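In: Fold the following and give me the result.
(one chain, ligands or ions: 2)
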Amino acid sequence: MAGRRDWTRENLAAGVRDGDRRALARTISLVEDGDPLAYGVVADLYPQTGSAYSVGVTGPPGVGKSSLVSALIRHVREGGVTVGVVSVDPSSPFSHGALLGDRIRLSDHFLDPEVFIRSMGTRGHLGGLAEAALQALLVLDAAGKDVVFLETVGAGQSEVEVIGIADTVLLVLMPGSGDAVQALKAGIMEIPDVIAINKMDHPAAKTMMSEVRSILSLDRERSWRPPIVLTDATRGENVPELWARIDEHRAHLEQEGQLEERRRKNLAGEVFAVASGRAKAHLERAVAGDPELRRLLDEVQRRELDPLSAVREIMEKVFHLGDATDGTDTR
Ligand SMILES: Nc1nc2c(ncn2[C@@H]2O[C@H](COP(=O)(O)OP(=O)(O)O)[C@@H](O)[C@H]2O)c(=O)[nH]1
Ligand SMILES: [Mg+2]
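Out: Ligands and ions are numbered 1, 2, ... in the order given. Predicted structure coming up:
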């Protein structure tokens, strides 16, 4: 077994750089487990990242995200493009069950040495799924994958932190995804870069397409108008067209100099999201473990201490932040 080998920070990083599948698999497992070794490996690899193009694939469960990713892989592999996939959908066919006879035949991809697929969502994820997905993406990037797909299930806001790192966001819908369309309309869901309406042989597919188109037409400000493509993932229909739209979005970002800007924003957002997540966890632990801090909350409840004075004391005690940083405008 590969696991017998003694992995170190050095040989893992070197193995990933060489595209060694066992090193890649091991590193991503360590990332998933929140193992400190993984942080070191990713830190070493980080300077070699930035050449993969990342495509976030999101949408409600069951619309065909995994099937579309699989079909897109088949399509781009014809052009020799190497691929990594991080799927953070526990119900995805990328999980093991699907290997046994799913008609998507993902096993084709599993045998392809230039395609690396990892499904997340079943393990512990000490640092959170978003953190693990980001790290895995960086590892696949450093391993030299040309394109990395990041599949995440979602129809509203919860997936944003995972998908927020993608260069191009593809939203997958199908006839019946009314809630997601409403979320788009209400502005709860961010406007994606490309939209696929999958299961196109469904009689309501074209109606949904015009509905989505009319929602998007309300927003004329954008330099990029998100294209909508009708697809059939299981038959591969319009999959080359879908990839062409993704490619056009990439070209658009590159021509306008927006790709670097977008990545800068995405990475900053990611850093702040992870940092604030940790700060929150730290705060909760500190308050739970400190009778004095809990007493403050009791005092607030008894109306002996006002809420913002309690906040000030907590910030001082937990983060050593004094008055100047309490967010109050003192001008
Ligand atoms: N008829 C039809 N079924 C599809 C299509 N794409 C996916 N499916 C099926 O829809 C189900 C859910 O697909 P899956 O890719 O797992 O969706 P996900 O949850 O969004 O990843 C599976 O049974 C697929 O075989 C399509 O274009 N047409
Ligand atoms: Mg899936």
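In: quick check: mean pLDDT across stretch 128-143?
Out: On average, the pLDDT along stretch 128-143 is 90.
In: I misspoke; the intended subject was stretch 6-18.
Out: 96.
In: OK, contacts around Ile73?
Out: Neighbour list for Ile73: 83, 85, 109, 115, 149 [criterion: Cβ atoms under 8 Å, 6 or more residues apart in numbering]. From N, CA and C alone the C-beta is placed, and that goes for glycine too.
In: Tell me the helices and strands packed up against the helix or strand where the second one lies.
Out: When secondary structure is defined by DSSP states H and E, Val85 falls within strand 83-88. In terms of contacts (3 or more Cβ pairs under 8 Å, 6 or more residues apart in numbering; DSSP states H and E), strand 83-88 is packed against helix 65-78, strand 115-119, helix 129-142, strand 147-153.
In: which stretch among those comes nearest ligand 2?
Out: Checking the helices and strands packed on strand 83-88 against ligand 2 by Cβ to the ion gives helix 65-78 as the closest, at 3.3 Å.
In: picking up where we left off before, quick one: least confident of the contacts of Ile73?
Out: Minimum pLDDT for those is recorded at His109 (76).
In: just to revisit the earlier point, need the helices and strands packed on strand 83-88 in CSV (columns: distance to Asp247).
Out: Output for those, formatted as CSV (distance: least, Cβ to Cβ, whole Å):
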stretch, distance to Asp247
helix 65-78, 10
strand 115-119, 19
helix 129-142, 18
strand 147-153, 10
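In: Let's see the pLDDT reported for the nearest residue to Lys145 once chain neighbours are set aside.
Out: Excluding its sequence neighbours, the residue lying closest to Lys145 (Cβ to Cβ, 6 or more residues apart in numbering) is Gly84, at 3.8 Å. At Gly84, the model reports a pLDDT of 95.
In: got it, and Ser66?
Out: At Ser66, the model reports a pLDDT of 89.
In: wait, isn't it in contact with Leu72?
Out: No. Using Cβ atoms under 8 Å, Ser66 is not in contact with Leu72; the gap is 10.6 Å.
In: Provide a list of residues in contact with the residue nearest to Lys145.
Out: Neighbouring residues of Gly84 by Cβ under 8 Å, 6+ apart: 52, 115-118, 137, 140-141, 143, 145, 147-149.
In: give me every residue that touches Leu297.
Out: Each residue near Leu297 by Cβ under 8 Å, 6+ apart is listed here: 287, 310.
In: Okay, and it sits in which element?
Out: Assigned by DSSP H and E, Leu297 belongs to helix 291-301.
In: Would you mind pulling the contact partners of whichever helix or strand comes after that helix?
Out: On the C-terminal side of helix 291-301, the nearest following helix or strand under DSSP H and E is helix 307-319. Here helix 307-319 makes contact (Cβ under 8 Å, 6+ apart) with 279, 282-283, 286-287, 290, 292-293, 296-297, 299-300, 321-323, 325-326.
In: hey, what's the residue nearest to Lys145 bridged with?
Out: Beta-bridge partners for Gly84, by DSSP bridges, are Phe116, Val148.
In: re the thing from before, centre of the chain to the strand holding Val85, how far?
Out: Relative to the centre of its chain, strand 83-88 is centred 10 Å away, using Cα atoms, centre = their mean, to the nearest Å.
In: again, but for stretch 48-63
Out: Offset of stretch 48-63 from its chain centre (Cα atoms, centre = their mean): 6 Å.
In: ok, now stretch 144-155?
Out: Computed by Cα atoms, centre = their mean, the chain-centroid distance of stretch 144-155 equals 7 Å.
In: same deal with stretch 201-213?
Out: Distance, stretch centre to chain centre, for stretch 201-213: 27 Å (Cα atoms, centre = their mean).
In: Can you list the buried residues in it?
Out: The neighbour-count check on stretch 201-213 (16 or more other Cβ atoms under 10 Å) flags 202, 205, 208-209, 211-212 as buried.
In: Please narrow the residues you listed to those residing in helices.
Out: Counting by DSSP state H, the buried residues of stretch 201-213 place 205, 208-209, 211-212 in helices.
In: Contacts only, for Thr168.
Out: Residues in contact with Thr168 (Cβ under 8 Å, 6+ apart) are 53-56, 193-194, 246, 249-250, 253.
In: Ignoring the adjacent residues along the chain, who's closest to Ala23?
Out: Once flanking residues are discounted, Ala23 sits nearest to Gly15: 2.5 Å by Cβ to Cβ, 6+ apart.
In: Correct me if wrong: that neighbour contacts Ile28.
Out: No. Under the criterion of Cβ under 8 Å, Gly15 makes no contact with Ile28, lying 11.9 Å away.
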